[in-house]
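Student: turn this into a model:
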Amino acid sequence: MAKELKKISEVKIDGSVLNIANVTAAFGKYGLPEPKIGNHVYLSSGFESHNVYSSAYDLATTRIWMWGRKNRKVFDKEHKDFFDDLASRRQSGFDFRVLFLDPESSPEIISKAHKDEDFSSQLEKGIDVAQSI
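Tutor: Predicted structure coming up:
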């Protein structure tokens, strides 16, 4: 199975709707909700589930780049094994990046991203956790 996953991870995928549909169908096997397909693939729900992160952590061989509103579940204890091994994976060339919205963005941007009044402080806490790893 590991050989097959490595082989699949090395395939270059263009952004055609057919290719994106095939990729999202493969993720569907991991219990993820039906994604929306266009020039990009995005999940309208379930994107902050541990299943999304667990699937990505289990399947990725060369890189993971993530962006979400809070990225809170990215670093949860359910993924401790991944983070325990991350330093050695990075030394082998694995590229791990998590992008955050700037907590000092304008109030308009912050309110569009999330309705919680303390969203900026939630972002700051998430960034602190990420930097501690």
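Student: what segments of the protein are strands?
Tutor: 36-37, 41-42, 63-67, 95-99 (DSSP state E).
Student: how about those in TSV, adding mean pLDDT, mean neighbour count and distance to Asp81?
Tutor: Bear in mind the C-beta positions are built from the backbone N, C-alpha and C, glycine included. Shown next, in TSV, are these (pLDDT from 0 to 100; neighbours: other Cβ atoms under 10 Å; distance: least, Cβ to Cβ, whole Å):
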stretch	mean pLDDT	mean neighbour count	distance to Asp81
strand 36-37	54	12	31
strand 41-42	52	12	26
strand 63-67	82	13	14
strand 95-99	89	12	14
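Student: how about the ones you listed in JSON lines, adding distance to Asp85?
Tutor: JSON lines is the format used below for these (distance: least, Cβ to Cβ, whole Å):
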{"stretch": "strand 36-37", "distance to Asp85": "32"}
{"stretch": "strand 41-42", "distance to Asp85": "27"}
{"stretch": "strand 63-67", "distance to Asp85": "13"}
{"stretch": "strand 95-99", "distance to Asp85": "11"}
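Student: for the nearest residue to Leu99 once chain neighbours are set aside, what are its contacts?
Tutor: Leaving out its chain neighbours, the residue that sits closest to Leu99 by Cβ to Cβ, 6 or more residues apart in numbering is Trp67, at 4.2 Å. Residues near Trp67 by Cβ atoms under 8 Å, 6 or more residues apart in numbering: Val98, Leu99, Phe100.
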